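>>> Any chance you could fold what I've pasted below:
(2 chains)
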Amino acid sequence: MKTRYIYIMGLTIAFCCCLSGFVETNPYFIIKAKDVELKVPKGFPQMVYDFKDNPITPEGFVLGRKLFYDPILSKDSSISCGFCHQRIAAFAHLDHVLSHGINGLIGNRNVPPLQNLVWQQNFMWDGGINHLEVQPLAPLSNDKEMGENLNNVLQKLRRNAEYKTMFQEAFKDTAISSAQMLKALAQFTGLMISANSKYDKCIRGEEKFTDAEQHGLELFRMHCENCHKEPLFTDNSFRNNGLKPDTALSDSGRARITGLAEDYMKFKVPTLRNISITYPYMHDGRFKTLDKVLRYYAGGSFYGNYDKSIERNIGLTAPEQADIITFLKTLTDMEFLRDRRFADPNYR
Amino acid sequence: MLVIEMHLIRRKSFGLFITGVLVACVLLLTSGNTIPAPARLAISIKHLNGNAALQLDTVKYKNAFGQGYTISKFRYYLGKICLEKRDRSKYLTDKYFLVDEEDASSKNLLFTDVPEGDYKSISFIIGVDSALNCSGVQSDALDPANGMFWTWSTGYIFLKLEGHADASLSPGHIFEYHIGGFKQPYNCIRKVSLGLGEKGMYLTAGKESKIELDVDVAEVLNAHNKIDFSKLSSVTDFHNCTLVADNYANMFSIVKQ
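Numbers count the residues shown, from 1 in each chain, chains lettered A, B, ... in the order given. Below is the predicted model:
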């Protein structure tokens, strides 16, 4: 009887401890050195981003994670990076046509997923950003997204005791500079690597495609591979895929950056990794489902000065389209989507 | 017995090692003395409009079309500063400077490690080298927090000239020229080369010499391409950027010693 009493007491104390400060030690959120080891997946090309000048450390990564999920980066502290880049959607904005921002504002483009960023030469649908480190400045200062400026963010961070400690731990420096902030974010987003989908496991010989998936892959290689090149499922080029311009958005695409008429309505070829859970599709989110995307390519009513290579999709039959979609679903990487390292530390 | 001898040998070699280190130190110190002490060079920049010192906001100027205007902001990047001797050898710096009319200290650049010698010219770029536009986040003068960085299309704003002109059709009659771009055909990096006169300039070791540079803001509006505020009151991307860049390429002159 007495031992049972002690047992219950002990449990109660343990429970209370868990409720108080002990949450900080929740192993789900602890990042150790082995968690930030960078492994280039088999068959992937050489990385574009060089971590040589920004070596990943657990402290830097945890700081990047905190910044990524902190609305302090927006003008009215309402929108964090993670607000539009949801982990459940491979860091795209699930079921949202266009990006959202402060004061309920709606942006001009569909939120792209964040994955395998260290293999990207440039960022955004128009490729306007040329380096992973300076990418966060775009949404941060966009009026329709976070609407803030870098100096204000730095001031807010410098006033915050927790950040002071975290910057000190990550960079052995109390300054809190733009370089430190952006490098920490690059450590966090740079490690978002998706390379463990069923497709990857089949290619590595660890699993087997079903007949429909295999047939879909063969069709994919004939019809889609030209732009959506394996293993990244993009060739990082800019192409006009024949979409009729949306007059309300008046988006000129790549031409906005280069000023070249030939780049009008060209957009970056998006990766297809995790594509089944990043709907809706296209730069303006005009297609709700993969079904609609495939029907568009098969239909052949392309607009403007489009890339002729998409014509090879004309006439894909409904069963063929279905098999391609079945294959595309093998690109969903549950290990990546459930990777605890990228979870929002505020939900603990 | 053998053990003791080994011990002695080790001791001896340690003694030799220490002697060697000492000799090396002495050699290093003396050789250090044979390197000539560098000269110091102070570059001071003065902002003008025409012949008078630039005044922000308060003084009304006139452009080539007779349109009145005031200036509220004038800042630009300088980099790749290079001094060339008569014997063609060069002193190159890799530091960048953000010169700002509103910050007096930004107009005085000091170089403390210039080799002594007879110099004939100075050159630099207005802007930021393309490599630094593509290498991620930078610090100091090139910190993106300085507000001279485009966040939607990566690259530095090389020069900002802002103000008011009644003729401007922009809201509030403002004009705003934010010039940058490092790729052809919209490359706005401009190289400036200035001779140091017939006699050149002798920089003496241990002494500070001075080069005075004048910058005429009016040149940014009028040099090659005369800017009509009613037609072009805003340049904030590649559109028309080279018109202004070709103008600012002309804004520097050297003050005769």
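>>> and the residue of the stretch 1-150 of chain A found nearest chain B, how far is that from residue A:162?
Closest residue of the stretch 1-150 of chain A to chain B, CB to the nearest CB: residue A:133 (3.5 Å). Glycine gets a C-beta too; all of them are placed from N, C-alpha and C. Using CB to CB, to the nearest Å, residue A:133 is found at 23 Å from residue A:162.
>>> higher neighbour count, the two?
Each of residue A:133 and residue A:162 has its neighbours counted (other CB atoms under 10 Å in any protein chain shown); residue A:133 has more, 25 against 9.
>>> Looks to me like the more buried one is in a strand.
No - under DSSP: H, G, I helix; E, B strand; the rest coil, residue A:133 sits outside any strand and is assigned helix.
>>> How about it, nearest residue that isn't a chain neighbour?
residue B:136 (3.5 Å; CB to CB, 6 or more residues apart in numbering or on different chains).
>>> Contact residues of the stretch 201-348 of chain A facing chain B?
Contact residues (CB under 8 Å from any CB of the partner chain) of the stretch 201-348 of chain A with chain B: A:256, A:257, A:258, A:259.
>>> Any of those buried? List them.
Listed as buried from those are A:256, A:257, A:258, A:259; burial here means 16 or more other CB atoms under 10 Å in any protein chain shown.
>>> just checking, which of the residues of the stretch 201-348 of chain A next to chain B belong to helices?
A:256, A:257, A:258 (DSSP state H).
>>> List, one by one, the residues from the stretch 151-257 of chain B near chain A.
B:151, B:152, B:153, B:154, B:155, B:186, B:237, B:238, B:239.
>>> so the first one touches residue A:143, yeah?
No - with contact taken as CB atoms under 8 Å, residue B:151 and residue A:143 are classed as non-touching, separated by 11.1 Å.
>>> Give me the more crowded residue out of the two.
Neighbours per residue (other CB under 10 Å) separate residue B:151 from residue A:143, with residue B:151 holding more: 20 against 13.
>>> now the more buried one: how far from residue A:117?
17 Å.
>>> Grab the nearest non-local neighbour of residue B:207.
Using CB to CB, 6+ apart, the closest residue to residue B:207 is residue B:39 (6.2 Å).
>>> Please tell me how far the residue nearest to residue A:133 sits from residue A:211.
According to CB to CB, residue B:136 stands 46 Å off from residue A:211.
>>> Between the two, which is the more surrounded one?
Neighbours were tallied for residue B:136 and for residue A:211 using other CB under 10 Å; the higher tally belongs to residue B:136 (20 against 10).
>>> which residues touch the more buried one?
A:53, A:131, A:132, A:133, A:134, A:182, A:186 (CB atoms under 8 Å, 6 or more residues apart in numbering or on different chains).
>>> By neighbour count, sort out the buried ones in those residues.
The buried subset of the contacts of residue B:136 - by 16+ other CB under 10 Å - is A:131, A:132, A:133, A:134, A:182, A:186.
>>> before we move on, what SS does the residue in chain B positioned nearest to chain A have?
Proximity to chain A, evaluated over chain B using CB to the nearest CB, is greatest for residue B:136 at 3.5 Å. What three-state DSSP gives for residue B:136 is coil.
>>> ok so, going back, my read is that the residue nearest to residue B:207 contacts residue B:201, right?
No - in this structure, residue B:39 is not within contact of residue B:201 by CB under 8 Å, at 10.2 Å.
>>> When those two are compared, which one has more neighbours?
residue B:39 (22 against 19).
>>> Which segments of chain B make up each domain?
Domain ranges of chain B: B:1-35, B:37-254, per automatic domain parsing.
>>> can you give me the helices in the chain?
With no chain named, the answer covers chain A. Using DSSP H, helices in chain A cover A:2-19, A:58-68, A:81-84, A:137-141, A:150-158, A:161-171, A:178-190, A:198-203, A:211-223, A:255-258, A:290-299, A:318-329, A:334-337.
>>> You answered for a different chain; I wanted chain B.
Secondary structure of chain B (DSSP H): helices at B:2-34, B:130-133, B:217-222, B:241-248.
>>> Show me what the second one is packed against.
In this case it means helix B:130-133. Contact here means 3 or more CB pairs under 8 Å, 6 or more residues apart in numbering or on different chains; DSSP states H and E; on that basis helix B:130-133 packs against strand B:155-165.
>>> Quick one: list the elements packing against the strand it packs on.
strand B:68-85, helix B:130-133, strand B:149-150, strand B:174-180, helix B:217-222, helix B:241-248.
>>> Would you mark the buried spots in the longest one?
Of the residues in strand B:68-85, those buried under the neighbour-count criterion (16+ other CB under 10 Å) are B:69-81, B:83-85.
>>> Which per-residue confidence value corresponds to residue A:14?
Turning to residue A:14, the model gives it a pLDDT of 54.
>>> typed the wrong thing, it's residue A:131
For residue A:131, the model assigns a pLDDT of 98.
>>> repeat for residue A:25
78.
>>> Kindly report the same for residue A:110.
96.
>>> hang on, the earlier thing: torsion angles phi and psi at the residue of chain B closest to chain A?
Backbone torsions for residue B:136, taken as degrees, to the nearest 10, come to phi 80, psi -160.
>>> near chain A, which residues of the stretch 1-150 of chain B show up?
B:133, B:134, B:135, B:136, B:137, B:138, B:139, B:143, B:144, B:145, B:147, B:149.
>>> tell me, what residue is most central in chain A?
residue A:114 (1.2 Å; CA atoms, centre = their mean).
>>> was I right about it contacting residue A:87?
No - taking CB under 8 Å as the definition, residue A:114 is not a contact partner of residue A:87, at 9.5 Å.
>>> circling back to that earlier point, ok, now how distant is the residue of chain B closest to chain A from residue A:179?
For residue B:136 relative to residue A:179 (CB to CB), the value is 9 Å.
>>> try residue B:50
From residue B:50 to residue A:179 the distance is 40 Å (CB to CB).
>>> and residue B:77, bridged to which residues?
On the basis of DSSP bridges, residue B:77 is bridged to residue B:98.
>>> pLDDT score assigned to it?
Per-residue confidence (pLDDT) for residue B:77: 98.
>>> give me every residue that touches residue A:134.
A:182, B:136, B:137, B:144, B:149, B:151, B:154.
>>> Looks like residue A:254 contacts residue A:262 (just checking).
No - taking contacts as CB under 8 Å, residue A:254 lies outside contact range of residue A:262: 9.1 Å.
>>> These two: which is more packed in?
Taking neighbours as other CB under 10 Å, residue A:254 and residue A:262 compare with residue A:254 leading, 24 against 10.
>>> List the residues that contact the more buried one.
Contacts here follow CB under 8 Å, 6+ apart; on that basis residue A:254 touches A:126, A:127, A:238, A:260, A:263, A:264, A:266, A:267, A:268.
>>> Number of residues surrounding residue A:106?
Neighbourhood size, residue A:106 [other CB under 10 Å]: 12.
>>> Tell me which residue lies nearest the centroid of chain B.
Short answer for chain B (CA atoms, centre = their mean): residue B:78, at 2.6 Å.
>>> Please name the nearest non-neighbouring residue to that one.
With CB to CB, 6+ apart, the residue lying closest to residue B:78 is residue B:97, at 4.6 Å.
>>> which among the contacts of residue A:254 end up buried?
Among the contacts of residue A:254, those scoring as buried are A:126, A:127, A:238, A:263, A:264, A:266, A:267, A:268 (criterion: 16+ other CB under 10 Å).
>>> could I get those as CSV with pLDDT and distance to residue A:199?
Formatted as CSV, the buried ones among the contacts of residue A:254 follow (pLDDT from 0 to 100; distance: CB to CB, whole Å):
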residue, pLDDT, distance to residue A:199
A:126, 98, 28
A:127, 97, 26
A:238, 98, 25
A:263, 97, 31
A:264, 97, 34
A:266, 98, 27
A:267, 98, 24
A:268, 98, 21
